[in-house]
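*Asks:* Sharing a sequence plus its predicted fold:
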Amino acid sequence: MQKQRSWRFTHTLSRRPANSVKDGLRAAGQADPVPELFKEEHHHYLKALERSGVLTTVLPSLEAFPDSVFVEDPVLCLSSTAVILRPGASSRFGEAEAIRPELEKIFDQVVGLTGPGFVDGGDILLTDDIAFIGLSERTDRAGVEELRPILERHGYQIRVVTTPAGVLHFKSDCGLLDSETVFATKALADSGCFNGFKLIEAPSGEEAAANLIRVNDFVIMRTGFALTRDLLEQNGYAVITVPADEAAKVDGGLSCMSLRFSLK
Ligand code: CIR
């Protein structure tokens, strides 16, 4: 199946942060995010997406689900098909069904994983023809095996890889820069999982900027990581920075706050 470039998008789907985001899941030790500040950051994020040329749709917040702003985790978008995943954290399980009616309005086909395995979208990095899936605390082998035929039908070759210990999601540590190039932390780059791709390593001390997104002609990355910004610009990428300190308090980054896809 002929696919278009994996970083060209016409549309995005996001969800406004709920006030309950202050109760969002996090590894340990981080302060609660401040909902008002989170909403401001989210506004900047949406503006960056718009500047990149996509049509953004923003769903209302869901107070019952503190982590529901992170729409990337319960859904995977594959051209005209949306796959409803099975989030690996029980408090996030209901997010998957809550978003289904919205997906049915947009996509020709909406399919869902039925289990018993689990997959979080944050563990999936799609390139033009390879789907990297990171096994993690949230994504297990049973989930990968249920997802495998769906991805293969859409023309992807699957590479099952391992999310570094102590890292929430595979994509917490990497992002696609173009069809041949991945940006990744040294820990992930050293694992060799991106064999065959050109790699740009996150500067030491700026690992928290690794979760960037390429959207059309721009790379969108977190504000506050000057070395990373310079490195990307030196490599010819046009960069937009957006603040994401509140999202980071609950282990969120930039990829997780939108579903990015192309409609004909
Ligand atoms: C969680 O732990 O599920 C949320 N607090 C953060 C999810 C971030 N999602 C992502 O990186 N894809």
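*Replies:* Here it is on my side, so go on.
*Asks:* what sits against the closest residue to residue 16 other than its chain neighbours?
*Replies:* Of all residues beyond its chain neighbours, the one nearest residue 16 is residue 61 (4.2 Å), with distances taken as CB to CB, 6 or more residues apart in numbering. For glycine as for every other residue, the C-beta is placed from the backbone atoms N, C-alpha and C. Contact partners of residue 61, counting by CB atoms under 8 Å, 6 or more residues apart in numbering, are 15, 16, 17, 18, 19, 68, 69.
*Asks:* Quick check: the residue of the stretch 51-200 of the chain nearest the ligand.
*Replies:* residue 122 (2.4 Å; CB to the nearest ligand atom).
*Asks:* same question for whichever strand or helix holds residue 146, mean pLDDT?
*Replies:* Element membership of residue 146 [criterion: DSSP states H and E] is helix 141-153. Along helix 141-153, the predicted local confidence has a mean pLDDT of 98.
*Asks:* So which bits of that helix are buried?
*Replies:* Residues 143, 144, 146, 147, 150, 151 are the ones in helix 141-153 that count as buried (16 or more other CB atoms under 10 Å).
*Asks:* Mind giving me the packing neighbours of that helix?
*Replies:* Here helix 141-153 touches strand 75-78, strand 81-84, strand 130-135, strand 157-162, going by 3 or more CB pairs under 8 Å, 6 or more residues apart in numbering; DSSP states H and E.
*Asks:* and with 6 Å instead?
*Replies:* With contacts defined as 3 or more CB pairs under 6 Å, 6 or more residues apart in numbering; DSSP states H and E, the packing partners of helix 141-153 are strand 157-162.
*Asks:* ok, back up a step: now the helix holding residue 146: how far from the chain's centre is it?
*Replies:* Centroid separation between helix 141-153 and its chain, computed with CA atoms, centre = their mean, to the nearest Å, is 18 Å.
*Asks:* What angle do strand 130-135 and that helix make with each other?
*Replies:* 170 degrees (axes from the mean of the first three to the mean of the last three CA atoms, to 10 degrees).
*Asks:* coming back round to it: wait, a helix at the residue nearest to residue 16?
*Replies:* No. The assignment for residue 61, made by DSSP: H, G, I helix; E, B strand; the rest coil, is coil rather than a helix.
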